[in-house]
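Novice: the following comprises the amino acid sequence and a computationally predicted model.
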Amino acid sequence: MRRFLIAGNWKMNCGPGETATLISNLKQRLPSVPDGVDVLVCPPEISLTTAADELVDSKIMFGAQNVHFEDNGAFTGEVSTKMLTEVGCHYVIAGHSERREYFAETDQTVHRKTKKALEAGLKPIICVGESLDQRKKDVHDTMVSKQVQAALNGVDESLIQDTVIAYEPIWAIGTGETATPEQAQEMHNMIRNVIADLYDERSAEAVRILYGGSMKPHNAEELLRQTDVDGGLIGGASLQADSFAEIIEIAEKLS
Ligand code: PGA
């Protein structure tokens, strides 16, 4: 019942020119978006209007990589939910581990961003995941469930189906190392149980949980085959039309 969501996180890559090229390559490689899969690209903010123009006639959606939790005002360098919806964003990534690590995002800011996004009609993709050290110390379950609980704290039940969680073990991001399908399934299932405890079984079943961390065409199938893996948040492999399209086609085959 959950549709796959294959989302590209372009990070700090592709200004407007390269965004136009990459989207055009993607549309050529994938003339129609498969029925069973939602496809999303998240370029840098400066390229969002280009993405909007390039995707006017396409079912490929676009979103932002970050947003502020206030409506407007003296927050130099930030963008608001209203600005993102004005250009046509559907989704926004919240609390990516790189933002937590390099830009001091905390569970509290991720929570505020999540609530603000949902209020504005944007679907947040809330990123959670443990470091290698935390996994070695066997505290990954506790860590990740705390992150999920903090982000969703007080989110109204009516909005929970618009929320997406991305489980991204930090040790797998950009490293070429991936969680095994079993590790991913175990964590995704744990996350779904946390949501069921916070809300109920039905809400938990409605939330899409993506895997992120070196998802590539060669490992996407075994990850996407897992019961609780509902798609991918893809960095490196989303920067080439071919590899991104291949992952989308794998999801289509499994849908
Ligand atoms: P990666 O990035 O696919 O390059 O590991 C994933 C992410 O950080 O969202």
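Specialist: Great, that's in hand.

Novice: residues contacting residue 188?
Specialist: Residues in contact with residue 188 (Cβ atoms under 8 Å, 6 or more residues apart in numbering) are 167, 209, 211, 226, 228, 229. The way it works is simple: take the backbone N, C-alpha and C, and place the C-beta from them, glycine included.

Novice: quick check: the third one vs residue 25, distance?
Specialist: Shown here: residue 211 relative to residue 25, a distance of 25 Å by Cβ to Cβ, to the nearest Å.

Novice: more neighbours: these two, which one.
Specialist: residue 211 (32 against 15; other Cβ atoms under 10 Å).

Novice: contact partners of the helix or strand containing that one?
Specialist: Taking DSSP states H and E as the definition, residue 211 sits inside strand 208-212. For strand 208-212, the surrounding residues in contact (Cβ under 8 Å, 6+ apart) are 2-3, 5, 7, 9, 125, 127, 129, 164-168, 172-173, 179, 184, 188, 191-192, 223, 228-235.

Novice: out of the contacts of residue 188, flag the one nearest to the ligand.
Specialist: Nearest to the ligand out of those is residue 211 (Cβ to the nearest ligand atom; 9.4 Å).

Novice: just to check, residue 203 is in contact with residue 161?
Specialist: Yes: when contacts are counted by Cβ atoms under 8 Å, residue 203 is listed as touching residue 161 (7.0 Å).

Novice: residues shared between the contacts of the two?
Specialist: With Cβ under 8 Å, 6+ apart, residue 203 and residue 161 have no common neighbours.

Novice: please report how far the residue of the chain positioned farthest from its centre lies from the ligand.
Specialist: Relative to the centre of the chain, the most outlying C-alpha is that of residue 74, 27.8 Å out, by Cα atoms, centre = their mean. Counting by Cβ to the nearest ligand atom, to the nearest Å, the gap between residue 74 and the ligand amounts to 30 Å.

Novice: now that residue: how far from residue 68?
Specialist: Residue 74 sits at a distance of 11 Å from residue 68 (criterion: Cβ to Cβ).

Novice: do the same with residue 161
Specialist: 24 Å.

Novice: can you classify the closest residue to residue 128 other than its chain neighbours by secondary structure?
Specialist: In this structure, residue 128 finds its nearest non-sequential neighbour in residue 147, 4.0 Å apart by Cβ to Cβ, 6 or more residues apart in numbering. Assigned with DSSP: H, G, I helix; E, B strand; the rest coil, residue 147 falls in the helix class.

Novice: list of residues touching stretch 25-42?
Specialist: 3-10, 22-23, 51, 54, 58-65, 90-91, 93, 231, 238, 241-242, 244-245, 248-249, 251-252, 255.

Novice: number of nearby residues for the residue in the stretch 101-250 of the chain that the ligand sits nearest to?
Specialist: Nearest to the ligand, among the residues of the stretch 101-250 of the chain, is residue 235, at 2.3 Å (Cβ to the nearest ligand atom). Applying other Cβ under 10 Å, we find 22 residues neighbouring residue 235.

Novice: do the same with residue 153
Specialist: By other Cβ under 10 Å, the residues close to residue 153 number 13.

Novice: where in the stretch 101-250 of the chain is pLDDT low?
Specialist: Filtered on pLDDT under 70, the stretch 101-250 of the chain yields no residues whatsoever.

Novice: need the residues of it near the ligand, please.
Specialist: 168, 173, 174, 212, 213, 214, 215, 233, 234, 235, 236, 237 (Cβ under 6 Å from any ligand atom).

Novice: if we use 8 Å, what do you get?
Specialist: 127, 166, 168, 172-175, 212-216, 232-238 (Cβ under 8 Å from any ligand atom).

Novice: re the thing from before, now, which of the contacts of strand 208-212 lie within strands?
Specialist: Using DSSP state E, the subset of these located in strands is 5, 7, 9, 125, 127, 164-167, 231-234.
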